[in-house]
Every structure is written in C-alpha cells, then in structure tokens.
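A.B. asks: Build me a model from this:
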Amino acid sequence: MTIRVSALTIASGRAAHLANVIRGLSRQSHPPVELIIGVMQDSDYHDLPDCPFPIRQIRVTAPEMPLARARNAVADAATGEALVFVDVDCIPDPDFIRSYLDRMTGRHGLFMGEVLYLPQGATEEGLDFASFARIGVKHSDRQGPPAAGIAPCGDYRWFWSLNFAMWRADWQAGPRFDETFTGYGGEDTDFGRSLSEAGIPIWWIAGGRVFHQYHPHCMPPIHHIDSVIRNAERFAEKWGHRTMEHWLHAFRLMGLIENTAEGLRVLRRPGPDDFALCQQHGHMPYANSRRVIDRLQQVPQDARGVTREAEVARDERAMLMPAAR
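C.D. replies: Numbers count the residues shown, from 1 in each chain. Alright, predicted model coming up:
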C-alpha cells in the first residue's frame, strides 16, 4: 500500500521561495497527497505554481511570528500517514520524501534529513538538482546526518525544524510545539527537549535532502534580539536553564546585553555597525554566529583547535544561567 504523505510548511512573505518549494514537491518520486501552508501574514498566497496535489492555506497570525502555533496548526490539519516539514526557504530534492519513508519504515520518533546551502543566484535558471548537489555546502556549525542509513541523534539540542518528518500517529501521541514561545528562537529546542523527556527518539538520516535558498540574513539574529532574549528566559522557566547560548554569548560580546543576577538585560539596540558585522553577504551561502564571535575576539577563522573550541564552549555555557550574585 502506498503511504500517504502530507507536506507541511509555514511562511510569511518569501513568495518566490515558496514557489520553489512547490516546484520541488511537484517533482517528487513519491509525491505528497497535499501541501498545507501555515500562513503567518494577513493574506493568503496567490499565483502559486501548478502542482499535482491540492494546497491548503491555514491563516495563523499574531503580532510576532507564531512559529510554534503555525507548525502545530499544519500538523493537526494533515491527513497523511506521514508528515514531512520543510521550511519555506528549502527546496526538496526529488527523492526527499522517498528517502524519508525508506528510513522511517519500522521505526518511530522524529527524523531529520540533510540540508545543503545554495549560493546567491543558484535558482535563477530554474531547479537544477544536479547542479544544486555540486554547489550546495553543509553548515560548518551543524552536526550532520550519517554517510548512509540512519543514526540516533543523542542530543535534543541538535533538533532543527528546517527539515524533519514524523509519522502522524507519533505527532498525535507526542508533545507539541509550545505556543508560549512567540517570535523567533527557542521553540525548536524546546520541542526537542520535550521529545527527549517523553522518551521519543530523534534520528539523523542520510537523505531527506533539501537545498536552502539564499536570502540575506543576520547571524546572530540581532534583528530578533527581543524575542531571542524572551524565549531564552521562557526556556529557563520551563527547564531550569536557558537555550540559544551561542547567540546570547555573541550578543554579550557585541555589547548588546549583559547577564545579571536578575536575568538578561539589554544595554543598547543594534546599530548599523552591528548589522554590517552580522549580515550575510552574497559570497556567503549562510550567515554564521561563530564567524562573528571569532571576529569580535580577533581570532583567525583557521585557528579552531581544541583549546579554542573549549574556550568558546565555556563562554557560551556561562550564558545558560543568570550571573552569580
């Protein structure tokens, strides 16, 4: 029996990126039975590409991006036996769905596939997946899937909502994204922690590949500093320590925040120089917080030894808790 698969995404703006997601899903060797879009803006998307499956749009709006609520909404609305989540800026490879199903069969839990980052202009001539595979690069700060097959992910902190899949039965029986996390940051790690606490395994798979489309971005995300701080403290209320400590460490080095005994305190708003430091540029397939940390501490990019890694990890861990009195 053919397994029915629901493809799920959430989006605000990024209409051209969404169109490429739809084109990628239209070329699947195992096509989805539907695409459900969690629309985080005031109007639905129009003039979407023709595709061989129905598209449903579910409006989920709030003053700040309701990422957790939108993911819950599209998953709850799905009708397929399997759910594949893909971010709006990620184009699924033609074997994206099939390779997920090959690894998921006979197992339960949450499954995470591969992500390759494309340079600026890679999609201007259409979708050339052979070219994408040649020029796409892995993220230097992200743990990746195994070379073949499937492997357990032993640390919930590696969960990444950019590209993942679950059986619908596991979604319905397991934890949900916590909708008290609003705006950008933290809801992914909270969901991963909830899965871990519930004893639900997280897996890396070889395959399930998506190609991340270029768009200018800031890392660390200084354009979302308020929600990052709020959600880091919300995570601490729930689990006893903060998350997103690498971003918080970078914010502290930039002089944007300080860690006090009473919590995180904003010292100043990001200015033009901060955005220039953190901004992704055309020659960069992705923005990178570690690049910013190294520049602020005047450490060459090629000086990443064991001692340096331990130093950065120590400084980041210091942001997990309020400063000592």
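A.B. asks: Helix, strand, or coil at Ile91?
C.D. replies: strand (DSSP: H, G, I helix; E, B strand; the rest coil).
A.B. asks: Neighbours of it, how many?
C.D. replies: 26 (other CB atoms under 10 Å). Yep, even glycine has a C-beta here, placed from its N, CA and C like the rest.
A.B. asks: and if you look at Phe85?
C.D. replies: 23.
A.B. asks: and what of the one 5 residues further on?
C.D. replies: Residue crowding around Cys90 was assessed by other CB under 10 Å; the count is 26.
A.B. asks: Excluding chain neighbours, what is closest to it?
C.D. replies: Closest residue in space to Cys90, ignoring its immediate chain neighbours: Val210 at 3.9 Å, by CB to CB, 6 or more residues apart in numbering.
A.B. asks: Now do the same contact list for the one you found.
C.D. replies: The contact partners of Val210, taken as CB atoms under 8 Å, 6 or more residues apart in numbering, are 24, 86-87, 90-93, 96, 113-116, 162-163.
A.B. asks: Ok, Pro220 next?
C.D. replies: Val228, His246, Trp247, Ala250, Phe251, Cys278, Ser289, Val292.
A.B. asks: Including distance to Ala324, pLDDT and neighbour count, could the residues you listed go into CSV?
C.D. replies: Conversion of those to CSV gives the following (distance: CB to CB, whole Å; pLDDT from 0 to 100; neighbours: other CB atoms under 10 Å):
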residue, distance to Ala324, pLDDT, neighbour count
Val228, 23, 98, 24
His246, 21, 96, 19
Trp247, 22, 97, 25
Ala250, 21, 98, 27
Phe251, 19, 98, 28
Cys278, 29, 96, 23
Ser289, 25, 93, 20
Val292, 26, 94, 23
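A.B. asks: Distance to Cys218 and secondary structure added to these, as CSV?
C.D. replies: Formatted as CSV, those follow (distance: CB to CB, whole Å; DSSP: H, G, I helix; E, B strand; the rest coil):
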residue, distance to Cys218, secondary structure
Val228, 11, helix
His246, 14, helix
Trp247, 10, helix
Ala250, 11, helix
Phe251, 12, helix
Cys278, 4, helix
Ser289, 10, helix
Val292, 9, helix
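A.B. asks: Okay then, goodbye and thanks.
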